[in-house]
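J.: please work out how this folds:
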Amino acid sequence: MDLSPYLEAVSGDLARSTALADEPTREVVRRLVPSIEPAVRLALVQALSDAAAAITAELDDAVVTLRMDGRDPALEVRQLPSPAEADDPERGVRGADNEEDDDDKGRGTARLTVRLPETLKRRAEARAEQAETSLNTWVVQTLRRATDSPVQAPPQTSTPPSAAAPHPLPAGSPAGPERTP
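T.: Sure thing, here's the model as predicted:
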């Protein structure tokens with residue numbers, strides 16, 4: 001998407017807004033316009049990114065993403081797999097970065113920073129590439145699979161915990177175990 005028409009519109013609006021000003025003021029605006037273009041471009045890209053996330057949150061069967069093609073943003077729409085495809089472990093779990101589960105409705109998204117060892121990050125990126133998805137989407141899907149599965153309790157032992165390990169405090173201490181001869 002070429003942002004030039006939007007940037008030119010802002011520039012033209014600023015020039016028209018100073019039409020009644022004196023020449024030194026108009027000169028300041030002419031010099032200022034090129035310096036604010038990067039900030040306006042960034043604001044437009046952020047607005048497009050937010051719009052893509054909002055649209056994705058409303059869709060059940062597609063994901064809208066924003067990618068950069070040089071200096072120009074490009075919106076992409078990707079269909080999610082059908083429920084039958086979603087159950088196929090080779091294709092991953094149905095969902096995307098901003099898709100909301102039934103449990104997540106109305107809660108939006110949260111940002112999380114994780115520091116990974118470089119080798120683990122490379123392996124995760126490779127898995128995401130195999131799944132033909134972004135690393136962020138792959139991480140979200142993996143976390144969903146992990147948290148949707150029932151937690152399995154550790155196996156029970158026949159030895160009670162108190163008999164398995166001696167008490168750390170010696171007999172006769174105020175908090176130590178009572179020992180009978």
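J.: quick check: beta-bridge partners of Ile74?
T.: Slight slip there: residue 74 is Ala, not Ile. Arg67 (DSSP bridges).
J.: tell me the contacts of it?
T.: Contact analysis of Ala74 by Cβ atoms under 8 Å, 6 or more residues apart in numbering lists Met1, Leu66, Arg67, Met68. All C-beta spots, glycine's among them, are computed from the backbone N, C-alpha and C.
J.: are any of those residues buried, and if so which?
T.: Listed as buried from the contacts of Ala74 are Leu66; burial here means 16 or more other Cβ atoms under 10 Å.
J.: show the backbone phi and psi for Ala62.
T.: With angles defined as degrees, to the nearest 10, Ala62 sits at phi -150, psi 160.
J.: I'd like to know how many residues surround it.
T.: As a burial measure, Ala62 scores 14 neighbours (other Cβ atoms under 10 Å).
J.: ok, Arg127 next?
T.: Neighbour count of Arg127, defined by other Cβ under 10 Å: 15.
J.: surely it touches Thr137?
T.: No: contact between Arg127 and Thr137 fails when scored by Cβ atoms under 8 Å: they sit 11.2 Å apart.
J.: follow-up on the earlier one: need the contacts of Ala74 in JSON lines with distance to Ala52 and pLDDT, can you?
T.: Shown next, in JSON lines, are the contacts of Ala74 (distance: Cβ to Cβ, whole Å; pLDDT from 0 to 100):
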{"residue": "Met1", "distance to Ala52": "12", "pLDDT": "89"}
{"residue": "Leu66", "distance to Ala52": "5", "pLDDT": "89"}
{"residue": "Arg67", "distance to Ala52": "10", "pLDDT": "89"}
{"residue": "Met68", "distance to Ala52": "12", "pLDDT": "88"}
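J.: Ala15: which of the contacts of Ala74 is nearest?
T.: Distances from Ala15 to the contacts of Ala74, taken as Cβ to Cβ, are shortest for Met1 (23.9 Å).
J.: and stretch 53-63, end to end?
T.: 8 Å (Cα to Cα, to the nearest Å).
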